[in-house]
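In: My questions concern the predicted model and sequence given below.
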Amino acid sequence: MDIFGRTVLLTGATGGLGQAIAGALASRGARVALSARKAEALEELAAKLPGDGHRVLPSDLAEPGAAERLAAEAGEVEILVANAGLPGMGLLSDFSPTEVSRAVRVNLEAPMLLAQALSPAMTAQGSGHLVFIASLAGKAANPRSSIYNATKFGLRGFALGLRCDLAPQGVGVSLISPGFIREAGMFADSGAKLPPGLGTGTPEQVGSAVIKAIEQDKVELSVAPPLQRALAHLGLATPGISVRVQSGAAGQRTSERIAAGHPREKR
Ligand SMILES: NC(=O)c1ccc[n+]([C@@H]2O[C@H](COP(=O)([O-])OP(=O)(O)OC[C@H]3O[C@@H](n4cnc5c(N)ncnc54)[C@H](OP(=O)(O)O)[C@@H]3O)[C@@H](O)[C@H]2O)c1
């Protein structure tokens with residue numbers, strides 16, 4: 001799909017990856033409807049994006065009905081990039097039921113409901129694209145990540161299944177699965193250090209992957225160095241071995257450091 005002149009709804013636009021995705025889409029000539037909770041940060045971002053026709057649609061996707069309201073306010077949307085997410089890290093026993101619901105709603109339910117609301121107009125036109133920002137945590141499980149893993153495994157399953165239904169109707173569905181991203185975003189914000197050799201990706205690589213996914217109708221693009229991709233594929237191919245590797249001392253230490261770096265309101 002050609003991005004120039006298209007209307008895109010981007011959630012999580014104020015975040016580390018969201019800003020890079022917004023920049024990539026605007027540079028390709030898209031008119032971007034930017035959504036997140038922080039209205040002022042959205043206005044600042046809209047003002048500095050290249051091109052014109054950008055708008056801001058503040059929304060708290062943890063609120064019941066918010067995804068449906070956001071879709072209605074956005075109006076005609078030709079491309080959805082569902083990127084908003086919470087790290088949802090920590091032990092299950094440390095989460096309140098409200099925190100579990102919030103992580104599931106923002107990371108999984110809201111993307112599903114946005115797709116449900118926006119895709120009928122796309123199928124009627126016989127064109128459109130839905131992009132879901134998942135994670136390598138949707139392929140392989142890690143300690144302190146049971147809720148995050150659940151939402152990202154769920155998002156991958158949803159997107160792949162939806163692609164089967166929408167492809168015959170001319171609407172593309174893509175997954176972007178980043179590994180650890182440096183410089184900006186939820187992993188960088190945690191301040192945690194990774195074991196040597198794992199490497200990191202950049203927000204700009206995620207932005208470029210979103211463009212490639214839309215323009216070339218890719219099923220899934222991972223944004224990560226080779227070792228992280230290999231570990232993720234171990235998780236898909238042999239979950240038993242993967243869980244044993246990840247539960248070892250190095251995996252426990254790394255996940256504990258990342259979880260400790262996230263404030264409680266990010267659950
Ligand atoms: N960074 C990484 O290393 C990494 C790796 C793999 C996957 N990912 C995925 O990439 C996506 C973006 O993450 P990021 O790293 O950019 O994280 P981030 O910097 O923490 O940004 C998260 C975004 O989600 C929005 N958000 C949070 N709660 C919300 C709510 N209740 N309603 C509406 N919007 C909400 C935030 O905006 P407001 O606070 O303004 O609402 C922000 O724009 C997520 O889906 C994440 O799981 C990130």
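Out: Great, that's in hand. Residues are numbered from 1 along each chain as shown.
In: contacts, neighbours, all on C-alpha from now
Out: Fine.
In: Can you pull the phi/psi pair for the closest residue in space to Asn107 that isn't next to it in sequence?
Out: Once flanking residues are discounted, Asn107 sits nearest to Gly85: 4.9 Å by C-alpha to C-alpha, 6 or more residues apart in numbering. Main-chain torsions, Gly85, degrees, to the nearest 10: phi -160, psi 160.
In: Over to Arg28?
Out: The phi/psi pair for Arg28 (degrees, to the nearest 10) is phi -90, psi 0.
In: gap between it and the ligand?
Out: Separation of Arg28 from the ligand (C-alpha to the nearest ligand atom, to the nearest Å): 20 Å.
In: now swap in Ser135 and tell me
Out: Ser135 is 4 Å from the ligand, by C-alpha to the nearest ligand atom.
In: Would you mind confirming that that residue makes contact with Met186?
Out: No: with contact defined as C-alpha atoms under 8 Å, Ser135 does not count as touching Met186 (11.9 Å).
In: Compare the two and say which is more crowded by neighbours.
Out: Legend: neighbour count by other C-alpha atoms under 10 Å for Ser135 and Met186, higher for Ser135 (26 against 21).
In: How about the contacts made by the more buried one?
Out: Lys152, Ile176, Ser177, Pro178, Gly179, Ser222 (C-alpha atoms under 8 Å, 6 or more residues apart in numbering).
In: Name the next helix or strand downstream of the longest strand anywhere in the chain, please.
Out: When the chain is parsed with DSSP state E, its longest strand is strand 171-178. Using DSSP states H and E, the next helix or strand after strand 171-178 towards the C-terminus is helix 186-190.
In: What is the burial count for the closest residue to the ligand within the stretch 151-267 of the chain?
Out: Taking C-alpha to the nearest ligand atom as the measure, the stretch 151-267 of the chain has Gly185 as its residue closest to the ligand, at 3.2 Å. Other residues lying near Gly185 total 18 when counted by other C-alpha under 10 Å.
In: Just give the closest residue to it, not the sequence neighbours.
Out: Gly185 sits nearest to Gly16 (C-alpha to C-alpha, 6+ apart), 3.8 Å away.
In: residues near that neighbour, how many?
Out: Gly16 has 21 neighbouring residues, counting by other C-alpha under 10 Å.
In: so what's it up against?
Out: Ala184, Gly185, Met186, Pro203.
In: Can you tell me the closest non-neighbouring residue to the third one?
Out: By that I understand Met186. Pro87 (6.8 Å).
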